[in-house]
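Asks: Build the 3D model from these lines:
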Amino acid sequence: MTATTPDYFEYSHTVGFEETNLVGNVYYVNYLRWQGRCRELFLKEKAPSVLAEVQDDLKLFTLKVDCEFFAEITAFDELSIRMRLSELRQTQLEFTFDYIQVTENGGEILVARGRQRIACMRGPNTATVPTLIPEALAEALAPYAARGGSHVVRAA
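Replies: Model (predicted):
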């Protein structure tokens, strides 16, 4: 029997005290930070040539983020943040994020689900214009397209 490759990019994280409030719950903003961190690590590991473009003039603008919560997490909880590509258009893409609490016995609990829409732009800050998603990014994202829910539209 062969092992199947997951259809998500995974970022593992241990929640720290600084990410919680006085009663010990994780601040909302941290879920959004973890989305950004997951996206950054994806670029570093799976699409380093795109990082070089970002250092040049490519801009990955976050247009929209959201997060829906199902359970509370606290300091020292172990998380798996799982990113999938849900939509790929010519100049924009959208990711979904599953926040999975990994329990001591190896169980998994879905504690939140998020979404993030990104636009690709180029040019100086005062005159940015939409640009096609780099082919290297589209290729790197292909294995992480959400099965059954991904909508892919690319120029011919």
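
Asks: would you list every one of the strands in this structure?
Replies: Per DSSP state E, the chain has strands spanning 9-14, 58-69, 78-88, 92-102, 108-122, 129-130, 151-152. These are given in chain order.

Asks: Reformat these into a markdown table and put distance to Leu141, mean pLDDT and mean neighbour count next to each item.
Replies: C-beta here means a position set from N, CA and C on the backbone, and glycine is covered the same way. Putting the strands of the chain into a markdown table (distance: least, C-beta to C-beta, whole Å; pLDDT from 0 to 100; neighbours: other C-beta atoms under 10 Å) gives the following:
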| stretch | distance to Leu141 | mean pLDDT | mean neighbour count |
| --- | --- | --- | --- |
| strand 9-14 | 9 | 97 | 16 |
| strand 58-69 | 12 | 95 | 14 |
| strand 78-88 | 5 | 97 | 20 |
| strand 92-102 | 7 | 97 | 21 |
| strand 108-122 | 11 | 97 | 17 |
| strand 129-130 | 18 | 94 | 10 |
| strand 151-152 | 10 | 50 | 13 |
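
Asks: closest to Cys38 out of those?
Replies: For the strands of the chain, distance to Cys38 was read as C-beta to C-beta. The smallest value, 4.0 Å, belongs to strand 9-14.

Asks: List the contacts of the closest residue to Ile100 other than its chain neighbours.
Replies: Computed as C-beta to C-beta, 6 or more residues apart in numbering, the closest residue to Ile100 that is not its neighbour in sequence is Ser80, at 4.3 Å. With contacts taken as C-beta atoms under 8 Å, 6 or more residues apart in numbering, Ser80 has the following neighbours: Glu10, Tyr11, Ser12, His13, Asp98, Tyr99, Ile100, Val102, Glu108.

Asks: Can you add distance to Gln35 and give the strands of the chain back as a markdown table?
Replies: Supplementary listing: the strands of the chain in a markdown table, determined by distance: least, C-beta to C-beta, whole Å:
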| stretch | distance to Gln35 |
| --- | --- |
| strand 9-14 | 9 |
| strand 58-69 | 6 |
| strand 78-88 | 7 |
| strand 92-102 | 5 |
| strand 108-122 | 5 |
| strand 129-130 | 22 |
| strand 151-152 | 20 |
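
Asks: Please identify which of those strands is closest to Glu45.
Replies: When the strands of the chain are ranked by proximity to Glu45, the top entry is strand 9-14, at 8.0 Å, counting by C-beta to C-beta.

Asks: Alright, that wraps it up for me.
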